[in-house]
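**Q** sequence plus predicted model, see below.
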2 protein chains.
Amino acid sequence: MSSETAISTRQRILNCSQHLFNSRGERNITTNHIAAELSMSPGNLYYHFRNKNDIIGALYGDHQKQLLNIVSLPQQGEFGFEEKAKLLERLSASLWDFRFFYRDIEHILNTSQDISAAHKQTFNIVYKQTIALHQMFIAKGLLQASSTELRDLTYNVWIVLTNWISFLCTTSTITAADQSSQPYVQHAVYQILALEKPYMTALALKDYDALSQQYFVDLSQLYDIKSCE
Amino acid sequence: MSSETAISTRQRILNCSQHLFNSRGERNITTNHIAAELSMSPGNLYYHFRNKNDIIGALYGDHQKQLLNIVSLPQQGEFGFEEKAKLLERLSASLWDFRFFYRDIEHILNTSQDISAAHKQTFNIVYKQTIALHQMFIAKGLLQASSTELRDLTYNVWIVLTNWISFLCTTSTITAADQSSQPYVQHAVYQILALEKPYMTALALKDYDALSQQYFVDLSQLYDIKSCE
């Protein structure tokens, strides 16, 4: 087996696993399902990955790299609210591509110490980068918040962002298998902008509102809550 | 078997299941584990419940009754921020007692249409009651928010509240099995009060801050984020 084939088989296993986990739930998928889907012998799969956790760990590595790349602060160039919204949009897309992980996150982290340690590291870095980003907006006179408010806000931003898809899937008819959910998934960006809006200065607000609207989707059609609005 | 014994056996199965699900995860517990823990034959357990979903459904019924009771609007008497915080405290305690459900919520709702329909109903009622509660505070001059802001805020409140325990368990050393996590769990009340604080009027703010502090726990000791604060 040439090294090139080995790499490509490994990647095929990862892609197929991610697709099956996302559409049917990691809990319902075994390595045998993955091998069968790829018309591959279980032995060939085990040549590349010892077990399902190994596959999840490799996928998590990719996802972590993606997240940390997205939140890395811009070294140069303008970084305003439009760039901030694009950053949230990319985070939201990455969370959608990796939704199987968040769906079974407590089980996965209990099962693998390595993934658990990596995810704690992800949280710590994203937390610090979010604070740094907010501080940059404060320095520009676009945001006004005490360090206590920034801390409380940043926890809430992480929770809403990482649980938005689960919120949709558990309270509405949106399902994780449904690729057509994209606009509803992107509404996460609107919810985060709404969460941060009270801390925007008058200087920021006009542009901010127009930007938020680009991510707005009317959720009330998903719910029996029209009478409240 | 007398009717009294039947009721009490049923309740013993429910209590034991809830305990095992919470401490070890619903995913890891079968009806055989539950029967063994109760020194009961599987046949006796099946006399009371057809399968594990039946047990989860009965437990969810209790949880739903509890949640809807907590958010039912007061018919009389004073209802200020102190009562509001007590309401959040009771919600937070109920979510902790039923944490196994939220941990595996997507799988459980995919497996049972009845529980899925019931949970959507829970969300719709809690949403409406939260809006009504906020409107009451607006009428009293304690809160100022447009109907759009109330809607966005209420989605975020639900997400932070129902995912607070999962947030702790996935980003810190807190575990779902650990009864000593109680103060960290209660910090959910602080996070919700922080989320709503920007909408409080000057009239409300002094009391509000003092009240929030009662629920504050320093989370930074759980994380490697001291340098940011």
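**A** Done, it's in.
**Q** give the contact list for the residue in chain A positioned nearest to chain B.
**A** Residue nearest to chain B within chain A: A:Pro198 (3.2 Å; C-beta to the nearest C-beta). Glycine gets a C-beta too; all of them are placed from N, C-alpha and C. Shown in contact with A:Pro198 (C-beta atoms under 8 Å, 6 or more residues apart in numbering or on different chains): B:Pro198, B:Tyr199.
**Q** what of A:Asn22?
**A** A:Asp97, A:Phe98, A:Arg99, A:Phe100, A:Ala176, A:Ala177.
**Q** repeat the analysis, applying 10 Å as the threshold.
**A** A:Ile29, A:Trp96, A:Asp97, A:Phe98, A:Arg99, A:Phe100, A:Phe101, A:Arg103, A:Ala176, A:Ala177, A:Gln179 (C-beta atoms under 10 Å, 6 or more residues apart in numbering or on different chains).
**Q** select only the buried ones of those in PyMOL?
**A** Filtering these down to the buried ones (16 or more other C-beta atoms under 10 Å in any protein chain shown) takes a single PyMOL command:
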select buried, chain A and resi 29+96+98+99+100+101+103+176
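**Q** show me where pLDDT drops low in chain A?
**A** A:1-7, A:224-229 (pLDDT under 70).
**Q** name the residue closest to the centre of it, please.
**A** A:Leu95 (2.1 Å; C-alpha atoms, centre = their mean).
**Q** phi and psi next, for A:Met200.
**A** Phi and psi for A:Met200, reported as degrees, to the nearest 10, are phi -80, psi 140.
**Q** grab the nearest non-local neighbour of A:Ile34.
**A** A:Ser17 (5.2 Å; C-beta to C-beta, 6 or more residues apart in numbering or on different chains).
**Q** sec struct for the one you found, please.
**A** helix (DSSP: H, G, I helix; E, B strand; the rest coil).
**Q** how close does A:Thr157 get to B:Thr162?
**A** Actually, residue A:157 is Val. It isn't Thr. According to C-beta to C-beta, to the nearest Å, A:Val157 stands 16 Å off from B:Thr162.
**Q** does any part of the longest helix seen in chain A sit near chain B?
**A** The longest helix of chain A (DSSP state H) is helix A:113-139. Yes - applying C-beta under 10 Å from any C-beta of the partner chain, one finds helix A:113-139 touching chain B at A:116, A:119-132, A:135.
**Q** just the residues you listed now: which is nearest B:Ala35?
**A** A:Ser116 (31.4 Å; C-beta to C-beta).
**Q** got a list of what the nearest residue to that closest one once chain neighbours are set aside touches?
**A** Spatial nearest neighbour of A:Ser116, chain neighbours left out: A:Leu109 (4.1 Å); criterion: C-beta to C-beta, 6+ apart. By C-beta under 10 Å, 6+ apart, the contact list for A:Leu109 reads A:Tyr60, A:Phe101, A:Ile115, A:Ser116, A:Ala117, A:Ala118, A:His119, A:Lys120, B:Cys169, B:Thr170, B:Thr171.
**Q** same check, this time on A:Asp104
**A** By C-beta under 10 Å, 6+ apart, the residues touching A:Asp104 are A:Phe21, A:Gly25, A:Glu26, A:Arg27, A:Ile56, A:Thr111, B:Arg27, B:Arg103, B:Asp104, B:Glu106, B:His107.
**Q** got the CA coordinates for the helix or strand harbouring the first one in PDB?
**A** Counting by DSSP states H and E, the element that carries A:Phe21 is helix A:3-24. Extracted as PDB, the C-alpha positions of helix A:3-24 are listed here (Å, rounded to 0.1, in the frame of the first residue of the first chain):
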ATOM      1  CA  SER A   3       1.800   6.100   1.500                       C
ATOM      2  CA  GLU A   4      -0.500   8.200  -0.700                       C
ATOM      3  CA  THR A   5      -3.200   5.600  -0.700                       C
ATOM      4  CA  ALA A   6      -2.900   5.200   3.100                       C
ATOM      5  CA  ILE A   7      -3.400   8.900   3.600                       C
ATOM      6  CA  SER A   8      -6.400   9.000   1.300                       C
ATOM      7  CA  THR A   9      -8.000   5.900   2.900                       C
ATOM      8  CA  ARG A  10      -7.600   7.500   6.300                       C
ATOM      9  CA  GLN A  11      -9.200  10.700   5.100                       C
ATOM     10  CA  ARG A  12     -12.100   8.700   3.500                       C
ATOM     11  CA  ILE A  13     -12.700   7.000   6.800                       C
ATOM     12  CA  LEU A  14     -12.800  10.400   8.600                       C
ATOM     13  CA  ASN A  15     -15.100  12.000   6.000                       C
ATOM     14  CA  CYS A  16     -17.500   9.100   6.100                       C
ATOM     15  CA  SER A  17     -17.500   8.900   9.900                       C
ATOM     16  CA  GLN A  18     -18.200  12.600  10.200                       C
ATOM     17  CA  HIS A  19     -21.100  12.300   7.700                       C
ATOM     18  CA  LEU A  20     -22.600   9.300   9.500                       C
ATOM     19  CA  PHE A  21     -22.200  10.700  13.000                       C
ATOM     20  CA  ASN A  22     -23.800  14.000  11.900                       C
ATOM     21  CA  SER A  23     -26.800  12.500  10.100                       C
ATOM     22  CA  ARG A  24     -27.500   9.600  12.400                       C
END
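**Q** for the very next helix or strand once past it, name the packing helices and strands.
**A** Where DSSP H and E defines the elements, the next helix or strand beyond helix A:3-24 is helix A:31-37. Contact analysis of helix A:31-37 by 3 or more C-beta pairs under 10 Å, 6 or more residues apart in numbering or on different chains; DSSP states H and E lists helix A:3-24, helix A:42-48, helix A:52-71 as its packing neighbours.
**Q** determine which stretch of the ones you listed is the most buried.
**A** Of the helices and strands packed on helix A:31-37, the one with the most neighbours on average (mean count of other C-beta atoms under 10 Å in any protein chain shown) is helix A:52-71, at a mean of 18.
**Q** list the buried ones in the helix or strand that that helix is followed by?
**A** For helix A:52-71, the succeeding helix or strand toward the C-terminus, using DSSP H and E, is helix A:81-97. Within helix A:81-97, the residues that qualify as buried are A:81, A:84-85, A:87-96, counting by 16+ other C-beta under 10 Å.
**Q** let's have the residues you listed in JSON lines, adding distance to A:Ala35.
**A** What follows is these, written out as JSON lines (distance: C-beta to C-beta, whole Å):
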{"residue": "A:Phe81", "distance to A:Ala35": "47"}
{"residue": "A:Lys84", "distance to A:Ala35": "43"}
{"residue": "A:Ala85", "distance to A:Ala35": "41"}
{"residue": "A:Leu87", "distance to A:Ala35": "38"}
{"residue": "A:Leu88", "distance to A:Ala35": "37"}
{"residue": "A:Glu89", "distance to A:Ala35": "35"}
{"residue": "A:Arg90", "distance to A:Ala35": "33"}
{"residue": "A:Leu91", "distance to A:Ala35": "32"}
{"residue": "A:Ser92", "distance to A:Ala35": "32"}
{"residue": "A:Ala93", "distance to A:Ala35": "29"}
{"residue": "A:Ser94", "distance to A:Ala35": "27"}
{"residue": "A:Leu95", "distance to A:Ala35": "28"}
{"residue": "A:Trp96", "distance to A:Ala35": "26"}
